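Visitor: with the input below, show me the fold.
(2 chains)
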Number of protein chains: 2
Amino acid sequence: MEAPIPQFAHFTNPLYLDSGRILEPFTLAYETYGQLNDQKSNAILVNHAFSGSHHAAGVYAGEKRAGWWNDLIGKGKGIDTDTFFVICINALGSCYGSTCPLSLRHLEQTPYRFTFPVITIADMVRSQKILLASLGIDHLKAVVGGSMGGMQALTFAKLYPKCAEHIIALATTHATSDYVIAAHKIMSEAIMRDPCFKAGNYLPKEIMETPLSGLAIARMIGFLQYLSPQAMKKKFNRNYVLNDGLYELFGRFEISRYLDYNAQAFCRYFDPLCYLYLAKALSIYDLSLGHESLQDALKDLQSQVHLIAFSDDTMFSIQEMQEIYNALHAHKKACTFTTINSTSGHDSFLVEVGLYDSYIKNILQP
Amino acid sequence: MEAPIPQFAHFTNPLYLDSGRILEPFTLAYETYGQLNDQKSNAILVNHAFSGSHHAAGVYAGEKRAGWWNDLIGKGKGIDTDTFFVICINALGSCYGSTCPLSLRHLEQTPYRFTFPVITIADMVRSQKILLASLGIDHLKAVVGGSMGGMQALTFAKLYPKCAEHIIALATTHATSDYVIAAHKIMSEAIMRDPCFKAGNYLPKEIMETPLSGLAIARMIGFLQYLSPQAMKKKFNRNYVLNDGLYELFGRFEISRYLDYNAQAFCRYFDPLCYLYLAKALSIYDLSLGHESLQDALKDLQSQVHLIAFSDDTMFSIQEMQEIYNALHAHKKACTFTTINSTSGHDSFLVEVGLYDSYIKNILQP
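Guide: Numbers count the residues shown, from 1 in each chain, chains lettered A, B, ... in the order given. A predicted model of the protein is given here:
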């Protein structure tokens, strides 16, 4: 696969948000892999998770690390770029190039910061549809995503019931649980209570140089959900850092060192205001909002829905995925539900691609 | 039951700690309920959990709120104070009156703070044994405790194999899991990274007036383990705070308000340095430390061990309790293991006493 090149689409028409507010203009960063065919019928929309970006596959020129779903997307892979044209869009509100709280306000030279409107998962999806339309794509072979990306995929199916042939949602839910809301509440508190966050008025350059403690702690809390207890045990097994004294107060287990390392790294590429807005979007996500029930919310769906749950996902349970299946099944909608026997917790959809890529390949067979 | 009165025992002999350091002198705060019989044969040691105290039962004169295990301990209750003499001791390192990081150093007028030695669960137990001996008690009817209290109970059985007739350990483990270590690592980071913690040199009075954000966040993270996802759903069910706008960034779900309220309250009675030391004690706890295996560690036990697990405990799993049972069973030790069908997560051992109190009463029958 050629080195992907990030692209930016600018839209001047207003985007009407669930909150009643308007975003104008707005920008979406995205990448594409493979070739769009003449009929424009081979496009697949891939949605990233909370801290992900539009860089889903391939390796940038001069870099080593591949995109976050490189095991799934590429030549001959589960989502085969010889057959499909894959597009991944940075979610509205995220910090990789799409319009977000750090973007400059219309006609002003100051960033939105806390004047940025709350973005919902549905708002993200509406912006995606606008970008697809601008590329002349009005039909999708599939919408695919895990975690927050799965929320977008399911929301896409609800908002545009005839647009996608397949919806493939992994490790996700129909309504964020109190448990996940609680975790994101605590992450947000950690960020907002950090004096260096300066009530949202930090200078991005400063916090890149001196990582924001609150953001580091938020990221660490995230790992309590991304890795299951079993996954942590498999990975760390109570190993203690060599040379750290067991009876030294600051002596560390390997799991602690892992958290330190990853949290510090995270602070160098993620923005705390974006974190707060994405946490809000994720927390208030509820497919059945404005409907009598989940079943009612899904009654118009025409896409084939494929639900892939992971056995040791402690963030979004199998039960929550089962509830989506049940709601669709009650309408006799075309729907499949499979549970992958995983060992990496919620992150299994990212790191255990080999367990389900052939399943996806099979769904997408022409 | 009469209003309990906290007591304080002062010991001038050195306490030799696992770390190789010495604590001298040291004080233990404790309470007792019921009457010690002439043979001194009816004593039961009850151990509190991480944030608990020696105030296990009864109501202080002029107060309304009862001790933390008041549903279990009292006249005619599961642990019947008409029959038994119950003693509960504030763990060494905790902030309710026993020697802790805020205690004054020997012959000095300054508190230990970070010069305080690391305390282990076994150190706590050794100090308990010294207090019991000072009361003339060398035999116990039982040692009972949940969570960190259960760790102490199991450690008591290992250190003093002939002392207690029964060991009753609830919602606990034989070795703290990486997952629980991770959570306590993050809690500790939240405290230490708070500038108002002043690297341990805060004035206790100041942080009582202005709650320490880091401690509040630590407490919130605790709830991710104390309440299971199911327990949160049962309690909050995604309810949103009335008058908070759904599309306001700072609008809250009820679970978030619950976390805010409880975290703020916690800061008024718990100390952050003690939190760090107890988190360390809990994290490095491992019954099999210094032994070939858990089975080997438990080979000398003579107490009857009773293990009570809770079905929706996400902090200490049924599997971990099962491993203790298996290790004891391999030695053909007297041991029972029961799982309570609970709905309040790890906290079930505190709030669903009615589900298991008769089970304990039955164990303790003369």
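
Visitor: any idea which helix or strand carries residue A:155?
Guide: Assessed by DSSP states H and E, residue A:155 sits inside helix A:148-159.

Visitor: who does the helix or strand just after that helix touch, helix- and strand-wise?
Guide: Once the chain leaves helix A:148-159, the next helix or strand it forms, by DSSP H and E, is strand A:164-170. For strand A:164-170, the packing partners by 3 or more CB pairs under 8 Å, 6 or more residues apart in numbering or on different chains; DSSP states H and E come out as strand A:140-146, helix A:148-159, strand A:304-310, helix A:357-364. (Glycine included, C-beta is placed from N, CA and C.)

Visitor: need the residues of the stretch 201-350 of chain A near chain B, please.
Guide: A:213, A:216-217, A:220-221, A:223-224, A:227-229, A:232-233, A:235-238, A:246-249, A:252-253, A:255-256, A:259, A:276-277, A:280, A:283-284, A:286, A:314, A:317 (CB under 8 Å from any CB of the partner chain).

Visitor: rewinding a little: reformat the helices and strands packed on strand A:164-170 as CSV; add mean pLDDT.
Guide: As requested, the helices and strands packed on strand A:164-170 are arranged in CSV below (pLDDT from 0 to 100):
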stretch, mean pLDDT
strand A:140-146, 98
helix A:148-159, 98
strand A:304-310, 98
helix A:357-364, 98
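
Visitor: show me the one of those that comes nearest residue B:158.
Guide: Of all the helices and strands packed on strand A:164-170, strand A:304-310 sits nearest to residue B:158, with 37.8 Å by CB to CB.

Visitor: sheet partners, orientation included, of the closest one?
Guide: Strand pairing for strand A:304-310, determined by DSSP bridges: strand A:164-170 (parallel), strand A:335-340 (parallel).

Visitor: buried set for the shortest one?
Guide: Residues of strand A:335-340 classed as buried by neighbour count (16 or more other CB atoms under 10 Å in any protein chain shown): A:335, A:337, A:340.

Visitor: could you dump these to CSV with pLDDT?
Guide: Output for those, formatted as CSV (pLDDT from 0 to 100):
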residue, pLDDT
A:335, 97
A:337, 98
A:340, 98
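
Visitor: closest one of those residues to residue B:156?
Guide: residue A:340 (43.2 Å).

Visitor: which residues of the stretch 51-200 of chain A lie near chain B?
Guide: Counting by CB under 8 Å from any CB, the stretch 51-200 of chain A sits next to chain B at A:114, A:117-118, A:120, A:175-179, A:181-183, A:185-186, A:189-190, A:193-195.

Visitor: quick check on those: which are buried?
Guide: A:117-118, A:120, A:175-179, A:181-183, A:185-186, A:189-190, A:193-194.

Visitor: got the buried residues of strand A:335-340 as CSV, with distance to residue B:61 columns?
Guide: Formatted as CSV, the buried residues of strand A:335-340 follow (distance: CB to CB, whole Å):
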residue, distance to residue B:61
A:335, 64
A:337, 60
A:340, 59
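
Visitor: relative to residue A:19, which of those is nearest.
Guide: Using CB to CB, those come closest to residue A:19 at residue A:335, 31.2 Å.

Visitor: ok, and the closest non-adjacent residue to the closest one?
Guide: Spatial nearest neighbour of residue A:335, chain neighbours left out: residue A:328 (4.2 Å); criterion: CB to CB, 6 or more residues apart in numbering or on different chains.

Visitor: what residues are up against that neighbour?
Guide: Contacts here follow CB atoms under 8 Å, 6 or more residues apart in numbering or on different chains; on that basis residue A:328 touches A:298, A:301, A:305, A:335.

Visitor: ok, of these, which one's closest to residue A:351?
Guide: Nearest member of the contacts of residue A:328 to residue A:351, counting by CB to CB, is residue A:305, at 24.1 Å.
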